[in-house]
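# structure for the following, please:
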Amino acid sequence: MVGNEDATQALPGSVDAWLTAQIPDYRGPGRLEKFGFGQSNPTYKLRSASGDYVLRRKPLGPLLPKAHAIEREFQVLRALHGSGVPVPRVRAFCDDTTLLGAAFYVMDFVPGRIFYDQRLPGLSAAERSAIFDSMNATVASLHAVDPAAVGLEHYGRGENFLERQVALWTRQYRASEGQRIAAMEELIAWLPKHLPPDQPSRIFHGDLRLDNMIFHASEPRVVALLDWELSTIGDPLADFAYHAMVWRIGADLFRGFGDLDRGALGIPEEADYIKLYCARTGRSALPNWNFYLAYSLFRGAAILQGVWRRAQNGQASSADAIQVGAKAAPLAELGWTIARSASN
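Next up is the predicted model:
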C-alpha cells in the first residue's frame, strides 16, 4: 500500500506482476516517486526497467460521492488518444483495491515543462505570449471534438448541464462545509435563478489550468493535457470560463494576474484571449460571460473547500492543502461580486 507520506518506495511485487500481465512492454521491478503537486489524486512517477510511466490513484479512506473519478480519467484519455488533443497514452486501469489500497491507472510519462505560476516568472514577454497562444489553441481543439466521433457520446448528459452542475457543486460544498461562507450562500441562491440557455455539448475537461498542461521542453507548445478527473459532457463555455477566471483573480489570491500589468508581461488581455478562442471555435462572442465567471468562481470555491476538508480529515495529497483550501472564501466573494454586476 502506498501512503501519502511516502516520497519514494519500491512497487509491491503484486503490482509489478499485475503490470507485467497488463502492459506488454512493461518490465519491473518498479519504484514509485511521489510528485509534489496534486491536491486530489496522489500521482507518482513509476520508474522501471522498461522506462518511466505515471501511476495515479485515488486517495485512501472514505471519499465524497463522485469525487476522485480516476476511472473516468482513464476512459476519456483512452478515447482522445489520436484525436489531435494532446493527451498521454494510458496503459492499464486497476479497480482491485487490494493491490495499492485504492483504484489506480498507469499512463506514459510525458517529458516537458509544467508551469505552476500563471504569471510565468523567468520567461520573456514573447515566450509568455506564445505559451498563452498554445494554451488557447489546446482548449479550442478540445472543444472542437465531437464527443460521438471519439466514442464519448454517453460520457455525460449535456442537457440542463449548468442546472445539474450548480446542484452538484452545492452538494459537494455542503458535504465539506466548515465555517460559513456568506458569499457561497448568496451564489447558491443566485445561480439557479440566472441559468443561461444550453450550449451545444462538448467534452468538458473541468480543470483547464496552466499547471494541468505539459509544455515541450524547449518550445512554447502543449504536449499533454492532464488531470481529467472532473471531465464529462457539458457546456464548453463553462469549461472555458473556469480556464479564464485567472484574469479576474489577483496575484496574492491564487496565482492570478488580474491586478498585474499584463501588457508588460506579454499576457493577453481577457478580451483578446476570448476573441482568439472564438476565432478558433467559430464563435462570434461568448454570451452570458459574467454568469459563467460567477459560476466558475463558485465551483472553484467548492473544490477548494473539499481540499480543506480532506486536510482536516488527514487525507490531503499535498502538504499545503490547508493553505490552498483557505482560498475558498475569497474566491466565492469575487464570484458574488461578478454575479451582482451581472444582475445590474
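# which residues does the residue lying closest to residue 111 once chain neighbours are set aside contact?
In this structure, residue 111 finds its nearest non-sequential neighbour in residue 217, 6.4 Å apart by Cβ to Cβ, 6 or more residues apart in numbering. All C-beta spots, glycine's among them, are computed from the backbone N, C-alpha and C. Residues near residue 217 by Cβ atoms under 8 Å, 6 or more residues apart in numbering: 111, 112, 113.
# turn those into CSV, including pLDDT, neighbour count and secondary structure.
Below are those laid out as CSV (pLDDT from 0 to 100; neighbours: other Cβ atoms under 10 Å; DSSP: H, G, I helix; E, B strand; the rest coil):
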residue, pLDDT, neighbour count, secondary structure
111, 96, 10, coil
112, 97, 16, coil
113, 97, 14, strand
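# can you redo these as JSON lines with distance to residue 267?
Formatted as JSON lines, the contacts of residue 217 follow (distance: Cβ to Cβ, whole Å):
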{"residue": "111", "distance to residue 267": "26"}
{"residue": "112", "distance to residue 267": "21"}
{"residue": "113", "distance to residue 267": "17"}
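# which of those sits closest to residue 72?
Nearest to residue 72 among the contacts of residue 217 is residue 112, at 24.1 Å by Cβ to Cβ.
# for the closest one, give me its contacts.
214, 215, 216, 217, 223, 224.
# now, of the residues you listed, which are buried?
Among the contacts of residue 112, those scoring as buried are 214, 215, 216, 223, 224 (criterion: 16 or more other Cβ atoms under 10 Å).
# could you identify the most distant pair in those?
Maximum pairwise distance among the buried ones among the contacts of residue 112 (Cβ to Cβ): 9.8 Å, between 216 and 224.
# now the helices for this protein?
For the chain, applying DSSP state H gives helices covering 13-22, 70-80, 97-100, 125-143, 161-175, 182-190, 236-244, 251-254, 262-265, 270-281, 289-312, 321-325, 328-343.
# list the buried ones in the last one?
Along helix 328-343, the positions that meet the burial threshold by neighbour count (16+ other Cβ under 10 Å) are 328, 329, 330, 331, 332, 333, 334, 335, 336, 338, 339.
# thought residue 161 was touching residue 237?
No - under the criterion of Cβ atoms under 8 Å, residue 161 makes no contact with residue 237, lying 10.1 Å away.
# neighbour-wise, which of those two wins?
Shown here are residue 161 and residue 237; by other Cβ atoms under 10 Å, residue 237 has more neighbours (26 against 21).
# so that one sits right up against residue 286, yeah?
Yes - if you go by Cβ under 8 Å, residue 237 and residue 286 touch, sitting 5.8 Å apart.
# shared neighbours of those two, anything?
residue 292.
# so residue 245 makes contact with residue 298?
No - counting by Cβ under 8 Å, residue 245 sits too far from residue 298 to count as a contact (10.4 Å).
# those two: which has the busier surroundings?
Neighbours per residue (other Cβ under 10 Å) separate residue 245 from residue 298, with residue 298 holding more: 29 against 26.
# residue contacts, the more buried one?
Residue 298 neighbours (Cβ under 8 Å, 6+ apart): 166, 169, 184, 187, 188, 191, 332, 335.
# would CSV of the residues you listed with distance to residue 307 and pLDDT be doable?
What follows is those, written out as CSV (distance: Cβ to Cβ, whole Å; pLDDT from 0 to 100):
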residue, distance to residue 307, pLDDT
166, 20, 97
169, 14, 94
184, 15, 96
187, 18, 98
188, 19, 98
191, 21, 98
332, 14, 95
335, 17, 97
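# which of the helices and strands in this protein ranks last by mean pLDDT?
Ranking every helix and strand in the chain by mean pLDDT, DSSP states H and E puts helix 321-325 at the bottom, with a mean of 63.
# what's the most distant pair in the contacts of residue 112?
217 and 224, at 12.1 Å, using Cβ to Cβ across the contacts of residue 112.
# export stretch 42-49 as CSV, just CAs?
The C-alpha coordinates for stretch 42-49 follow below in CSV (Å, rounded to 0.1, in the frame of the first residue of the first chain):
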residue,chain,number,x,y,z
PRO,A,42,-1.9,11.1,-5.4
THR,A,43,0.3,10.9,-8.5
TYR,A,44,3.6,9.1,-8.8
LYS,A,45,6.4,8.7,-11.3
LEU,A,46,6.8,5.0,-11.9
ARG,A,47,10.4,4.1,-12.8
SER,A,48,11.0,0.7,-14.3
ALA,A,49,13.5,-1.3,-16.4
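# give me the contacts around it.
Contacts of stretch 42-49 (Cβ under 8 Å, 6+ apart): 2, 4, 11, 26-35, 37, 52-57, 59, 106, 109, 317.
# got a PyMOL select line for the buried ones in the residues you listed?
Burial among the contacts of stretch 42-49 is assessed by 16+ other Cβ under 10 Å; the matching PyMOL selection reads:
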select buried, resi 2+11+26+28+30+32+34+53+54+55+56+57+59+106+109+317
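# so which of the helices of the chain comes closest to residue 150?
Ranking the helices of the chain by distance to residue 150, with Cβ to Cβ as the measure, places helix 70-80 first at 4.5 Å.
# from the contact counts, what lies against that closest one?
Identification of packing neighbours for helix 70-80 by 3 or more Cβ pairs under 8 Å, 6 or more residues apart in numbering; DSSP states H and E yields strand 51-57, strand 90-94, strand 104-108.
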